[in-house]
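> Task: produce atomic coordinates for the following.
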Amino acid sequence: MTHLYIKMSGTPYERGLLYGTQAKELIHKLIEEYKLLFDKENHIAWETAYKKAAAFEEPIRAFRPDLIEEMKGIADGAGIDLQTVLVLNCRSEIMFTDIPSNEDACTVIGVPPEVSKNGHTLLAQNWDWWTVGEGTTVLLEVEQEGYAKSLIVTEAGLVGGKGLNEYGVALSMNAMSVNGGKVGVPLQVVLRAALSCSTVPKAIDCIAKCPRAGCACVGLASWDGELVMVEYAPNDLDILLRDGKALCHTNHWQSLKMILGPEARNYSYISTFTRLDRARRLTKDKKKLTPKKLFAILSDHAGYPDGICRHDDPDLPYYHCHSSLWSMVIDTVTRTLYITDGTPCKAKPEKYVLK
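Okay, here's the model as predicted:
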């Protein structure tokens with residue numbers, strides 16, 4: 001299978017309308033997915049999530065008003081209302097920031113030029129998510145006036161995600177947890193804004209100055225050798241540096257500043273530490289990393305089913321099962337994104353070049 005690929009251009013509303021029209025079926029599928037997950041995993045009724053999402057409209061409008069217009073277009077194209085699109089774009093804040101969740105997923109590997117075979121900066125990630133979300137991923141090629149042209153990998157209906165832009169900046173993301181969130185700019189909008197920047201320093205500054213609602217670890221890499229990971233919470237953040245080797249991250253806080261601060265919380269110990277240890281050892285063992293070698297690492301099954309390559313646990317109910325729904329490797333110099341549709345141990349990556 002190949003992910004739905006959508007080209008977006010024009011005014012913000014026109015971009016959204018193109019998106020919502022083409023992804024209508026997948027957006028409705030995603031709505032049903034989150035109705036289930038809110039209920040089963042967080043004990044939140046869809047109606048409650050719908051009401052909570054309304055509070056995020058004004059912070060988004062103040063930060064990136066074009067994205068509210070884009071969401072309106074998505075809503076009209078998909079035949080739903082704006083607030084429903086807001087629910088989807090605030091799903092991380094609804095699920096993770098105020099309510100303890102056992103979600104423990106995603107492994108990221110950043111490769112600096114001195115460690116890659118071709119001397120390019122690479123950024124790789126597995127997206128581990130609830131398996132009921134299979135088949136809702138889209139690729140968005142977005143032309144947006146005043147911001148970088150971007151290639152974004154995300155769920156249908158969301159305005160932000162992982163990917164790369166025309167300036168050779170790449171972005172990854174893995175989930176974190178805090179003791180409490182606040183009304184502010186949700187994760188998906190933070191990701192979109194950071195990926196709209198022309199350099200890694202500007203992307204860091206964008207995240208730092210944004211009135212953040214929740215938390216995440218955002219990996220940033222660029223064609224000129226920059227590679228960092230930004231661990232952020234609503235009120236503070238810190239930057240992790242590569243120290244001359246591959247920079248790996250999973251789902252727990254690594255910054256001592258953040259660990260000792262009042263916001264950080266580790267919500268699960270299932271596999272985040274073992275996956276990080278495994279990724280570090282495998283990248284150390286691999287001399288001169290390539291996209292092919294990175295996909296091999298992302299296919300690793302140590303700790304199965306809770307390894308770097310995640311698979312359904314037969315001991316869990318279907319609505320709690322997680323798997324690696326896709327795996328990606330980005331070459332920042334060639335502006336190339338390789339991505340699978342399914343676990344990297346089985347699915348072959350497709351190649352996309354942002355021109």
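> ok, which stretches of the stretch 251-355 of the chain are helices?
256-260, 272-285, 291-298 (DSSP state H, counting those that start in this stretch).
> which stretches of the stretch 251-355 of the chain have low pLDDT?
Within the stretch 251-355 of the chain, the segments meeting pLDDT under 70 span 267.
> residue ranges for the strands of it, please.
322-331, 336-339, 350-353 (DSSP state E, counting those that start in this stretch).
> Just checking: what are the partner strands of the first one?
The one in question is strand 322-331. Applying DSSP bridges, strand 322-331 is found paired with strand 122-130 (antiparallel), strand 336-339 (antiparallel).
> which residues touch Arg192?
Arg64, Leu67, Ser150, Ile152, Val159, Gly160, Gly161 (CB atoms under 8 Å, 6 or more residues apart in numbering). Bear in mind the C-beta positions are built from the backbone N, C-alpha and C, glycine included.
> So which of those belong to strands?
Members of those lying in strands (criterion: DSSP state E): Ser150, Ile152.
> Pull out the buried positions in stretch 183-201.
The neighbour-count check on stretch 183-201 (16 or more other CB atoms under 10 Å) flags 184-197, 199-200 as buried.
> And stretch 324-339, by the same measure?
So for stretch 324-339, counting by 16+ other CB under 10 Å, buried means 324-333, 335-339.
> Stretch 40-47 too?
Neighbour-count burial for stretch 40-47 [16+ other CB under 10 Å]: Glu41, Asn42, Ile44, Trp46.
> Please produce TSV containing the residues you listed, extended by secondary structure and distance to Arg275.
As requested, those are exported to TSV (DSSP: H, G, I helix; E, B strand; the rest coil; distance: CB to CB, whole Å):
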residue	secondary structure	distance to Arg275
Glu41	helix	21
Asn42	helix	23
Ile44	coil	28
Trp46	helix	32
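> ok so, going back, kindly present the strands of the stretch 251-355 of the chain as CSV, with separate columns for distance to Arg212.
Shown next, in CSV, are those (distance: least, CB to CB, whole Å):
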stretch, distance to Arg212
strand 322-331, 24
strand 336-339, 26
strand 350-353, 29
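> Tell me which of those strands sits nearest to Thr84.
Closest approach to Thr84 among the strands of the stretch 251-355 of the chain is made by strand 322-331 (22.3 Å; CB to CB).
> C-alpha coordinates for the closest one, PDB please?
Presented in PDB, the C-alpha positions along strand 322-331 are these (Å, rounded to 0.1, in the frame of the first residue of the first chain):
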ATOM      1  CA  HIS A 322       0.400  -0.700  19.500                       C
ATOM      2  CA  SER A 323       2.500  -1.300  16.400                       C
ATOM      3  CA  SER A 324       5.000   0.600  14.200                       C
ATOM      4  CA  LEU A 325       2.500   1.900  11.700                       C
ATOM      5  CA  TRP A 326       5.200   3.400   9.600                       C
ATOM      6  CA  SER A 327       9.000   4.000   9.600                       C
ATOM      7  CA  MET A 328      10.800   6.900   7.900                       C
ATOM      8  CA  VAL A 329      14.300   8.000   7.100                       C
ATOM      9  CA  ILE A 330      15.100  11.500   5.900                       C
ATOM     10  CA  ASP A 331      18.200  12.700   4.000                       C
END
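> all helices in the stretch 1-150 of the chain, in order from the N-terminus.
Going by DSSP H, counting those that start in this stretch, the stretch 1-150 of the chain shows helices at 12-22, 24-42, 46-53, 57-63, 65-78, 82-89, 91-92.
> I'd like these as TSV, with distance to Asn266 appended.
Formatted as TSV, the entries for those read as follows, by distance: least, CB to CB, whole Å:
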stretch	distance to Asn266
helix 12-22	35
helix 24-42	18
helix 46-53	24
helix 57-63	27
helix 65-78	31
helix 82-89	26
helix 91-92	17
